[in-house]
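Participant: test case, fold it:
(chains A and B)
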Number of protein chains: 2
Amino acid sequence: MEYLDEKDLDYIAIGAAVLGAGGGGDPYVGKLMAKAAIRKHGKVKMITVDELKDDSLIIPSAMMGAPAVMLEKLPNGGEPEAAFKALETHLGKKADAVMSIEAGGINSCIPIYTAACLGLPIVDADSMGRAFPELPMTTFGVAGLAATPMVVCDEKGNKLLIETVDNAWSETLARTATIAMGLASMISIYCVSGKELKDYGVRGTISLAREIGKKILMSYSEKTSPVEAILKLTAGVQLFEGKIKDVQRSLTTGFVCGKVFFDGIENDKGSSFEMDFQNENLVGFKNGIPAAMTPDLITVLDKETGMPITTENLKYGQRTSIIGMPCDKFWRTDAGIAQVGPRYFKYDLDYVPIEILNQKEEQDNVL
Amino acid sequence: MEYLDEKDLDYIAIGAAVLGAGGGGDPYVGKLMAKAAIRKHGKVKMITVDELKDDSLIIPSAMMGAPAVMLEKLPNGGEPEAAFKALETHLGKKADAVMSIEAGGINSCIPIYTAACLGLPIVDADSMGRAFPELPMTTFGVAGLAATPMVVCDEKGNKLLIETVDNAWSETLARTATIAMGLASMISIYCVSGKELKDYGVRGTISLAREIGKKILMSYSEKTSPVEAILKLTAGVQLFEGKIKDVQRSLTTGFVCGKVFFDGIENDKGSSFEMDFQNENLVGFKNGIPAAMTPDLITVLDKETGMPITTENLKYGQRTSIIGMPCDKFWRTDAGIAQVGPRYFKYDLDYVPIEILNQKEEQDNVL
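Facilitator: Purely as a prediction, here's the structure:
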């Protein structure tokens, strides 16, 4: 057991955005909210999954919608608590802890905000080990747990309690409501028991995010490479060094979808890299050949500072390091690949783990 | 106090469709549901508004969406009760009676179905005295009562509890959910106290619908004019006798919208009539001049049988009598006109009551 303070939020916001694989939202707004809540209510206790009782009730708190919208349509601050409390009321039970549904800038900060406001501990875990664009895409969902009952709140004060027959319907009904609310909402969803979290959660995500963020910020004074530090902490590989030459972005059906094109620089001079995203980065092609694919993590970093660039912040001219990181083992099961593998996102590709894709390249080089 | 039996359902379904002003849905499916429920559970007690205690809880039960869709996407039968019970659970209180939110084929039958299934009485009243396309368009809404908490259920088993900051948001969120559910849902909404219903309800709608339906069916054996009988019961006027020469219909944003064009026959030979609808008939123009406009009722009847033709059943070649009926006095207040007058539906017209529009015409003829 330990406590998260304002400084930790700086680290977590950065590190979670690295794990967010381009998604999970620009951390700025969420970080400000969480820091203000810690200033007002005090530090947030962080507990490990093992500290929970099997019959504890844990409720994730998250933002839903297009992260780009959150930069302009600010929350009023009361929605995450309203959604959380409405779900408690519906369940007729008080929660023992808050958790993150995904690792990502805003969605690692919002649950800390909610935990601070409600005086509850946050669990050092999440249900993705990264960010994904749709509600069924959680380790909980793949394990067969129901996303609903869930609550969706907006900044105006509207509130929906949703109960569905499956998680695909949760996604459809919560997404259409979120779109109608103006493309961003705050939700509480996937309430789980301590036992379920122990069995199906991804452990240690918040402390990993904090460690990544800390290494990035420390690298400036220690004159070390932030990118190398990230690769070491996440067992990641550098996929490409490139300058963004074009970004195509559209807000469709509640997502930020698009493509980004990179021209190689330094070691990759003469090569090109192309990447698709739907809130999160999905598949990266180096010279037309897949270099990494969902559910493995692809994150674009600022080449010099190592700071993660979320999909809504990709801009022409940015000099970047594109890195890939292996996803949680849960996603590499058949059920995981069916839910979030490349074919789910309409790619005619079989999933190949990033280690193999990049090992193969090395072998090719040797031959 | 009296009891509604299966035969009453035949009358009510027809009469309510006359009052539905083209909307409220084809009564066929709703009537079958209500009759089956009465066969199974027994007759439904109908009470007057005055029989209610001031602190009684009355919950309306209704279908939401595009009536045309209900002819193909049938309910599974459990949704109206599921929505009703979920609202009771949320309120933590059992309802004392069911009521209709609007007069209209399906939405006069569904509450009788729900009342039969739950063993509750139905109140002889509604909150429109006709049908209207959007949730805020009730006498309750105009009086400032909240549409929410409301529950939306679909035939698959999905369920939403909606709480909003105003009735326009109730409409937006329930409508987008209904569209996502496949354009038709069952709802419980506008729960009111006995006092509120006494103050703001439209009284006697169900018995009026039954009387109209009965007169239409009796006219066949009595060899009387069904159209004249309807005009007498509703203080209505005949606007036009015409044959449908074109129907333009589109399912947009969850509504059946369109235009219908009539060529005059018999007394109106040589004249034309044009009418717009959004689920319900909105404004009728005889030779380009408004002959009746919302919130007054415009209903298209089969010229020979007097049977009402709802907007989804308008077809090329039908020989019709178009009638107009004055709306409830509640709609003629400034607040009522603001909510459902012609300007709300984007017409550049000030509301003129149907009696005046048609009195004027008579004067013109005299001059």
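Participant: measure whichever residue of the stretch 151-300 of chain A sits closest to chain B to residue A:53 for me?
Facilitator: The stretch 151-300 of chain A approaches chain B most closely through residue A:161 (3.9 Å), counting by Cβ to the nearest Cβ. No exception for glycine: its C-beta is placed from N, CA and C like everyone else's. Between residue A:161 and residue A:53 the computed distance is 26 Å (Cβ to Cβ, to the nearest Å).
Participant: what of residue A:43?
Facilitator: From residue A:43 to residue A:53 the distance is 23 Å (Cβ to Cβ).
Participant: so for the two, which sits in the more crowded spot?
Facilitator: For residue A:43 versus residue A:53, the count of surrounding residues by other Cβ atoms under 10 Å in any protein chain shown is larger for residue A:43: 13 against 10.
Participant: gap between the helix or strand encompassing residue A:34 and the chain center?
Facilitator: For residue A:34, the host element (DSSP states H and E) is helix A:27-41. How far helix A:27-41 lies from its chain's middle: 18 Å, per Cα atoms, centre = their mean, to the nearest Å.
Participant: show me what counts as buried in that helix.
Facilitator: A:27, A:28, A:29, A:30, A:31, A:33, A:34, A:35, A:37, A:38 (16 or more other Cβ atoms under 10 Å in any protein chain shown).
Participant: and stretch A:225-232, by the same measure?
Facilitator: Those would be A:226, A:227, A:229, A:230, A:231, for stretch A:225-232 by 16+ other Cβ under 10 Å.
Participant: look up phi and psi at the last one.
Facilitator: Spelled out, it's residue A:231. phi -60, psi -40 (degrees, to the nearest 10).
Participant: now do it, the pLDDT please.
Facilitator: Residue A:231 is assigned a pLDDT of 96 by the prediction.
Participant: residues contacting it?
Facilitator: A:237, A:238, A:323 (Cβ atoms under 8 Å, 6 or more residues apart in numbering or on different chains).
Participant: what about stretch A:309-317, start to end distance?
Facilitator: 13 Å (Cα to Cα, to the nearest Å).
Participant: list the buried residues of that stretch.
Facilitator: Quick answer for stretch A:309-317 (16+ other Cβ under 10 Å): A:309, A:310, A:311, A:312, A:313, A:314.
Participant: next one: the fifth one from chain B, what distance?
Facilitator: To tie it back to what came earlier, the one meant is residue A:313. 29 Å (Cβ to the nearest Cβ, to the nearest Å).
Participant: what of the fourth one?
Facilitator: Applying Cβ to the nearest Cβ, the value for residue A:312 to chain B is 24 Å.
Participant: check the second one too.
Facilitator: The span separating residue A:310 from chain B equals 27 Å under the rule Cβ to the nearest Cβ.
Participant: that residue contacts residue A:21, correct?
Facilitator: No - distance between residue A:310 and residue A:21: 9.3 Å, which falls outside the contact criterion (Cβ atoms under 8 Å).
Participant: mutual contacts of those two, please.
Facilitator: By Cβ under 8 Å, 6+ apart, no residue touches both residue A:310 and residue A:21.
Participant: for the lengthiest helix in chain A, packing partners?
Facilitator: Using DSSP state H to define each element, chain A has its longest helix at helix A:205-222. The contact analysis (3 or more Cβ pairs under 8 Å, 6 or more residues apart in numbering or on different chains; DSSP states H and E) places helix A:205-222 against helix A:6-19, helix A:105-118, strand A:125-126, helix A:226-234.
Participant: list the helices and strands the shortest one packs on?
Facilitator: Read that as strand A:125-126. Using 3+ Cβ pairs under 8 Å, 6+ apart: strand A:125-126 touches strand A:202-203, helix A:205-222.
Participant: so what strands line up beside it?
Facilitator: Strand A:125-126 sits in its sheet next to strand A:202-203 (antiparallel), going by DSSP bridges.
Participant: tell me how far the strand it pairs with is from the chain's mean position?
Facilitator: Here strand A:202-203 is found 13 Å from its chain centre; the criterion is Cα atoms, centre = their mean.
Participant: also stretch A:49-69?
Facilitator: With Cα atoms, centre = their mean, you get 12 Å for stretch A:49-69.
Participant: the strands in the stretch 201-350 of chain A, which residues?
Facilitator: A:202-203, A:237-252, A:255-264, A:272-278, A:280-286, A:289-293, A:297-302, A:319-325 (DSSP state E, counting those that start in this stretch).
Participant: my bad, should have said the stretch 51-200 of chain A
Facilitator: Under DSSP E, counting those that start in this stretch, the stretch 51-200 of chain A gives strands at A:57-65, A:97-99, A:122-123, A:125-126, A:150-153, A:159-163, A:184-188, A:192-193.
Participant: deepest in the core, which of those is it.
Facilitator: Neighbour counts (mean count of other Cβ atoms under 10 Å in any protein chain shown) averaged over each of the strands of the stretch 51-200 of chain A peak at strand A:125-126, with a mean of 30.
Participant: per the record, what domains does chain A have?
Facilitator: If you go by automatic domain parsing, the domain ranges for chain A are A:2-205, A:235-366.
Participant: just send the ones you listed back as TSV, with mean pLDDT and distance to residue B:285 too.
Facilitator: TSV is the format used below for the domains of chain A (pLDDT from 0 to 100; distance: least, Cβ to Cβ, whole Å):
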stretch	mean pLDDT	distance to residue B:285
domain A:2-205	95	34
domain A:235-366	92	39
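Participant: closest one to residue B:65 among these?
Facilitator: domain A:2-205 (13.9 Å; Cβ to Cβ).
Participant: the closest one: end-to-end distance?
Facilitator: 15 Å.
Participant: now do stretch A:72-86
Facilitator: With Cα to Cα, one end of stretch A:72-86 sits 26 Å from the other.
Participant: what residues of it count as buried?
Facilitator: Buried residues in stretch A:72-86 (16+ other Cβ under 10 Å): A:73, A:75, A:79, A:80, A:81, A:82, A:83, A:84, A:85, A:86.
Participant: residues touching residue A:192, list them.
Facilitator: If a contact means Cβ under 8 Å, 6+ apart, then residue A:192 has A:57, A:58, A:60, A:140, A:145, A:200, A:201 as its contacts.
Participant: rerun that using 7 Å as the cut-off
Facilitator: A:58, A:140, A:145 (Cβ atoms under 7 Å, 6 or more residues apart in numbering or on different chains).
Participant: packing partners for the helix holding residue A:34?
Facilitator: Applying 3 or more Cβ pairs under 7 Å, 6 or more residues apart in numbering or on different chains; DSSP states H and E, one finds that helix A:27-41 contacts helix A:6-19, helix A:105-118.
Participant: okay, the angle between it and helix A:6-19?
Facilitator: 150 degrees (axes from the mean of the first three to the mean of the last three Cα atoms, to 10 degrees).
Participant: got the contact list for whichever helix or strand comes after helix A:27-41?
Facilitator: Note on helix A:27-41: by DSSP H and E, the next helix or strand toward the C-terminus is strand A:44-47. Residues outside strand A:44-47 that contact it (Cβ under 7 Å, 6+ apart): A:1-4, A:38, A:97, A:112, A:115-116, A:121-124, A:206.
Participant: strand A:44-47 pairs with which strands?
Facilitator: In the sheet, strand A:44-47 lines up with strand A:2-4 (antiparallel), strand A:122-123 (parallel) (DSSP bridges).
Participant: out of those strands, which comes closest to residue B:131?
Facilitator: That would be strand A:122-123 among the strands paired with strand A:44-47, by Cβ to Cβ, at 50.6 Å.
Participant: surely residue A:115 is in contact with residue A:122?
Facilitator: Yes - using Cβ atoms under 7 Å, residue A:115 makes contact with residue A:122 at a distance of 4.3 Å.
Participant: fine, thanks again, bye for now.
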